[in-house]
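Enquirer: After the sequence you'll find the predicted model.
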Amino acid sequence: MTLERAVDSDREQSVTDEVLASFDGTTDPRLRTIMTSLVRHLHAFTREIRLSEQEWEKAIEFLTRVGHITDDRRQEFILLSDVLGLSMLTVAVNEPTAPGATAATVFGPFFIDNAPEVPLGGDIARGAAGTPCYVSGQVRSTDGTAIIGARVDVWEADEDGFYDVQYSVDHSAGRGWLHTGDEGEYRFWSVLPVPYPIPHDGPVGDLLVASGRGPMRPAHLHFKVTAPGYRTLVTHIFVAEDPYLGCDAVFGVKDSLVVAVDHHTAGAALDGSVSERDWASINFDIVLAPEDDR
């Protein structure tokens with residue numbers, strides 16, 4: 001190493017040391033740990049790639065665009081976290097260790113808090129276009145006990161690949177929540193999930209194009225399951241044999257979450273109703289980890 005390079009390294013390290021020292025008075029120990037680690041990694045990244053000022057400006061412009069396109073109907077920052085794998089890494093870091101618990105996956109940007117309640121066996125499609133699909137299963141604990149009264153939130157895209165919040169009209173379709181029954185069972189009608197692209201008309205889409213990556217997600221149905229005494233589970237079920245299972249834009253696929261779909265002709269359905277159209281069915285049991293599993 002030349003003397004000039006050694007001097008440059010000392011100058012760069014002195015900047016990092018000064019910033020780290022600025023957090024010495026941070027009284028919240030967790031915040032201090034987070035911020036000092038963030039500074040060390042960001043500064044090390046900058047030195048490793050020899051970040052130019054023009055590249056730094058481009059990065060600021062990109063993040064500004066991400067912020068400007070984000071609103072109460074679109075969360076571009078979550079989308080950015082998803083395509084960088086940060087969302088799935090955070091899931092992996094925090095996933096319970098209880099054997100047999102259903103695997104977690106990404107939350108995604110399209111969950112809303114005020115979804116409508118539907119009765120057990122009700123219809124969450126509420127007009128969403130697609131092939132009728134009957135979804136059922138049981139929610140239980142890792143010891144096999146049925147969990148009665150668990151809340152099951154569900155949401156999905158329609159056959160055109162859009163969630164209700166992506167439409168200009170204010171309506172709720174393809175989402176809802178219900179409570180499990182006396183044997184921990186859940187069941188509802190919806191539409192058969194289809195593959196679709198994540199929103200790629202913004203800065204995250206530009207990043208994917210520049211990186212030579214595609215925006216597609218395999219067909220899936222979102223679940224959020226909560227019950228007193230158990231860890232909240234956020235997961236998907238994925239349709240078997242979907243062509244995008246191996247190249248999910250947000251890295252959310254896990255083998256244990258891939259399920260078979262049964263296809264049926266019009267006529268009597270599993271719940272005793274009669275479908276005038278061809279329909280599909282999916283069965284998937286959900287296992288919750290105890291609350292104290294960390």
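Expert: Yep, that arrived. Please read these numbers as outputs of a predicted model, since none were measured by experiment. Numbering: from 1, shown residues only.

Enquirer: In the stretch 151-294 of the chain, mark out all the strands, start to finish.
Expert: Using DSSP state E, counting those that start in this stretch, the strands found in the stretch 151-294 of the chain span residues 151-155, 175-179, 185-191, 196-197, 216-217, 220-226, 233-239, 258-259, 262-264, 267-268, 274-275, 279-283, 286-288.

Enquirer: In a markdown table, list those along with mean neighbour count.
Expert: For every residue, glycine as well, the C-beta is placed using N, CA and C. Shown next, in a markdown table, are the strands of the stretch 151-294 of the chain (neighbours: other Cβ atoms under 10 Å):
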| stretch | mean neighbour count |
| --- | --- |
| strand 151-155 | 21 |
| strand 175-179 | 20 |
| strand 185-191 | 23 |
| strand 196-197 | 18 |
| strand 216-217 | 22 |
| strand 220-226 | 22 |
| strand 233-239 | 23 |
| strand 258-259 | 17 |
| strand 262-264 | 13 |
| strand 267-268 | 10 |
| strand 274-275 | 12 |
| strand 279-283 | 19 |
| strand 286-288 | 23 |
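
Enquirer: out of the ones you listed, nearest to Leu84?
Expert: Checking these against Leu84 by Cβ to Cβ gives strand 216-217 as the closest, at 15.2 Å.

Enquirer: other SSEs contacting the closest one?
Expert: strand 196-197 (3 or more Cβ pairs under 8 Å, 6 or more residues apart in numbering; DSSP states H and E).

Enquirer: quick one: average pLDDT of the strand it packs on?
Expert: On average, the pLDDT along strand 196-197 is 94.

Enquirer: And stretch 62-79, by the same measure?
Expert: 93.

Enquirer: Pro290 touches Leu233, doesn't it?
Expert: No - counting by Cβ atoms under 8 Å, Pro290 does not reach Leu233; the two are 11.9 Å apart.

Enquirer: Now do the longest strand seen in the chain: distance to the chain's middle.
Expert: Across the chain, the strand with the greatest residue count (assigned by DSSP state E) is strand 132-141. Averaging C-alpha positions (Cα atoms, centre = their mean, to the nearest Å) puts strand 132-141 20 Å from its chain's average.

Enquirer: what do you get for stretch 272-292?
Expert: Centroid separation for stretch 272-292 versus its chain: 20 Å, with Cα atoms, centre = their mean.

Enquirer: One more: stretch 173-183?
Expert: With Cα atoms, centre = their mean, you get 19 Å for stretch 173-183.

Enquirer: now do stretch 263-281
Expert: Here the centre of stretch 263-281 is set off from its chain's centre by 30 Å, with Cα atoms, centre = their mean.

Enquirer: What about the closest residue to Thr70 other than its chain neighbours, how many residues nearby?
Expert: Distances taken as Cβ to Cβ, 6 or more residues apart in numbering put Glu76 closest to Thr70, at 4.6 Å, once the chain neighbours are dropped. Glu76: 21 surrounding residues under other Cβ atoms under 10 Å.
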